[in-house]
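**Q** Take a look and give me a structure for this.
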Amino acid sequence: PYFATFIAIWSSLFLEFWKRKEKTIAMKWGTVNYEVDEQDRPQFEGDDDVSPIDGSPMKYFPRTKFASRLCQSTMIISVLIFIVLGVIAGIFAMRIIFNNSSNAQLSKNSGIIASLVNAVQIQVLNFLYGSVATALNDYENHRTDTEYEDALIAKTFVFQFVNSLSSLFYIAFIKPYMIPLDSCKVSCMAELQTGLGTIFLTRLATGGILKIAIPYVSQQYRIKTETEGVDKEDLTEVETQFLQQDYDMVLGTFQDFADLVIQFAYATMFISAFPLATVMALVSNYVGLRIDAWKLCQLCRRPEPRTCEDIGTWFTILEIVSISAVVTNSALVAFTGTFTLDYTWADRTWVFIGMNAGILLTKFIVAVSIPDVPLEVEIQLKRQAYIYDKIVSNIPDEEYEIPKPNSINSQQFSIIITDDDPL
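**A** Presented below is the predicted three-dimensional model:
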């Protein structure tokens, strides 16, 4: 419980200082309030109309039509989530069959086999769902890039959250009470450790394959087919860049954000069962950073710069995960782990409530105590707004009353320059 409390407070500090850093960078790059004046996406479709605000030309897409498309997308995503739950249920049914098998070796390793299959299933379904989510998002016809990305983030996270964490929730909170049907061999906390460790290692391995091997082979094949009969030494820099992959400005960093958010959930929501997840997350992040850097520099064309004010809905999701981690770790300590093994159910419930209340109160105090915007950034933003009002908006200067000198600096001083002054 102590390390889980530390991680919960750390996550609050991480998010608060992230906001401060975000505001600082937005101020330096001049992207504060960028989303207010954001332009329409080129892919946005609508009827030609006139703005009721300033009379300028605009495209109009009926809200009723948008709501209808949004409902259709929600229904499709709900069906896919139920399919995922069915697949996960099938994996655990397979584990029960293997566990009761007459083959001693198969029965002994049933937990590891199920964890490995679950880890592979998570990566495969997340990869397949990415195309479906993008197609549904395109169908909904969002006006701006920010709205498009926020909608895609919501679709992706809901699916990946269910797909990536359902099995862990089952092991942590359902399996301990299914003793006749699917009991934990050693302990459910140990099985949870095995599942988390397997998922981390599988993500690390498949990440290298999906981000390096497949794009590299694809690029080499394209170069071979399009430069047949041509000496590669004679290619110019422009031709070489053209043969590389195009870096998608919307989806390029999207999957990286999705992977990091899910990893944040792994490293915080079940930390009381698997403290080593923090170290594995650090190693995974470093390896992923080097892989992304190599891919961006060696396999992709030079990306086109894009403007944004913040990370959008991703930050809200990080906050939701941070709060959910308090609840899950409190439940692990109170109902699943050995810390309250000799307690009654009433005492365990009070431990759960007390741990939740204490940690959430501490997180609230941390969030309130740390300003979202650093003082120097706030002063600079006000200074920029003042200069904008004077130069662009032509707001006249106000007449300030000059304060009378106080007793300390009431003496008048003057500077006298003579020929005798040294240079």
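
**Q** residue contacts, residue 4?
**A** 271-272, 329-330, 332-333 (CB atoms under 8 Å, 6 or more residues apart in numbering). In short, each C-beta sits where N, CA and C put it, glycine included.

**Q** What are the buried residues along stretch 317-334?
**A** By 16 or more other CB atoms under 10 Å, the buried positions in stretch 317-334 come out as 317-318, 321-323, 325-326, 328-334.

**Q** Which ones among the residues you listed map onto helices?
**A** Among those, the ones falling in helices (DSSP state H) are 317-318, 321-323, 325-326, 328-331.

**Q** Would you quantify the distance from the nearest residue to residue 142 once chain neighbours are set aside to residue 277?
**A** What sits nearest to residue 142 in space, not counting adjacent residues and going by CB to CB, 6 or more residues apart in numbering, is residue 148, at 4.1 Å. According to CB to CB, to the nearest Å, residue 148 and residue 277 sit 33 Å apart.

**Q** Repeat that for residue 153.
**A** Spatial separation of residue 153 from residue 277 under the definition CB to CB is 24 Å.

**Q** Ok, residue 57 next?
**A** Applying CB to CB to residue 57 and residue 277 gives a distance of 53 Å.

**Q** in the protein, which spans are strands?
**A** 47-50, 57-60 (DSSP state E).

**Q** Now the ones you listed in a markdown table, please, with extra columns for mean pLDDT and mean neighbour count.
**A** Shown next, in a markdown table, are the strands of the chain (pLDDT from 0 to 100; neighbours: other CB atoms under 10 Å):
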| stretch | mean pLDDT | mean neighbour count |
| --- | --- | --- |
| strand 47-50 | 79 | 10 |
| strand 57-60 | 81 | 12 |
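
**Q** Low-confidence regions, the stretch 51-200 of the chain specifically.
**A** Scanning the stretch 51-200 of the chain for pLDDT under 70 picks out 180-183, 185-186.

**Q** please redo it, this time with the cut-off set to 90
**A** For the stretch 51-200 of the chain, applying pLDDT under 90 flags the ranges 51-63, 66, 84-85, 87-131, 133-134, 138, 141-200.

**Q** the helices in it, which residues?
**A** For the stretch 51-200 of the chain, the helices defined by DSSP state H, counting those that start in this stretch cover 63-99, 104-108, 110-140, 145-169, 179-182, 188-208.

**Q** List the buried residues of stretch 337-345.
**A** Neighbour-count burial for stretch 337-345 [16+ other CB under 10 Å]: 337, 340.

**Q** Tell me the span between the first and last residue of it.
**A** 13 Å (CA to CA, to the nearest Å).

**Q** got the contact list for the residue nearest to residue 211 when sequence neighbours are not counted?
**A** Distances taken as CB to CB, 6+ apart place residue 291 nearest to residue 211, at 5.2 Å, with adjacent residues excluded. Residue 291 is in contact with 207-208, 211-212, counting by CB under 8 Å, 6+ apart.

**Q** quick one on the thing from earlier: surely the residue nearest to residue 142 and residue 139 touch.
**A** No - counting by CB atoms under 8 Å, residue 148 sits too far from residue 139 to count as a contact (11.6 Å).

**Q** So those two - more neighbours on which side?
**A** Neighbour count, other CB atoms under 10 Å: between residue 148 and residue 139, residue 148 has more, with 20 against 12.

**Q** Quick one: residues in contact with stretch 127-134.
**A** 76-77, 80, 152, 155-156, 159-160, 163, 210, 251, 255.

**Q** Sort out which residues of it are buried, please.
**A** So stretch 127-134, judged by 16+ other CB under 10 Å, has buried residues 129-130, 133-134.

**Q** From residue 63, how far off is the residue nearest to residue 142?
**A** Note on residue 148: its distance to residue 63, by CB to CB, is 17 Å.

**Q** tell me the contacts of the most centrally placed residue in the chain?
**A** Closest residue to the average C-alpha location of the chain: residue 261 at 3.6 Å, with CA atoms, centre = their mean. With contact set as CB under 8 Å, 6+ apart, residue 261 has these partners: 157, 314, 317-318, 321.

**Q** in the stretch 301-423 of the chain, which segments are predicted with low confidence?
**A** In the stretch 301-423 of the chain, residues with pLDDT under 90: 301-314, 332-345, 348, 372-374, 377-378, 380-423.

**Q** Show me where it has its helices.
**A** Using DSSP H, counting those that start in this stretch, the helices of the stretch 301-423 of the chain run over residues 313-331, 345-369, 375-391.

**Q** From the chain's centroid, how far away is stretch 354-369?
**A** Stretch 354-369 sits 23 Å away from the centroid of its parent chain (CA atoms, centre = their mean, to the nearest Å).

**Q** What residues of that stretch count as buried?
**A** Neighbour counts over stretch 354-369 (16+ other CB under 10 Å) mark 355-356, 359-360, 363, 366-367 as buried.

**Q** Could you check stretch 280-295 and say which residues are buried?
**A** For stretch 280-295, the neighbour count (16+ other CB under 10 Å) marks 280-281, 284, 288, 291-292, 295 as buried.

**Q** centre of the chain versus that stretch, how much separation?
**A** Per CA atoms, centre = their mean, the centroid offset for stretch 280-295 relative to its chain is 15 Å.

**Q** State the mean pLDDT of it.
**A** Computed over stretch 280-295, the mean pLDDT rounds to 85.

**Q** Extract the C-alpha set from it and format it as CSV.
**A** Extracted C-alpha coordinates of stretch 280-295, given in CSV (Å, rounded to 0.1, in the frame of the first residue of the first chain):
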residue,chain,number,x,y,z
MET,A,280,9.9,-2.0,-17.2
ALA,A,281,8.0,1.1,-18.3
LEU,A,282,11.2,3.1,-18.1
VAL,A,283,13.1,0.6,-20.3
SER,A,284,10.2,0.4,-22.7
ASN,A,285,10.0,4.2,-23.0
TYR,A,286,13.7,4.5,-23.7
VAL,A,287,13.7,1.8,-26.3
GLY,A,288,10.5,3.2,-27.9
LEU,A,289,12.1,6.7,-28.0
ARG,A,290,15.2,5.4,-29.9
ILE,A,291,13.0,3.4,-32.2
ASP,A,292,10.7,6.3,-33.0
ALA,A,293,13.8,8.6,-33.6
TRP,A,294,15.4,6.1,-36.0
LYS,A,295,12.1,5.6,-37.8
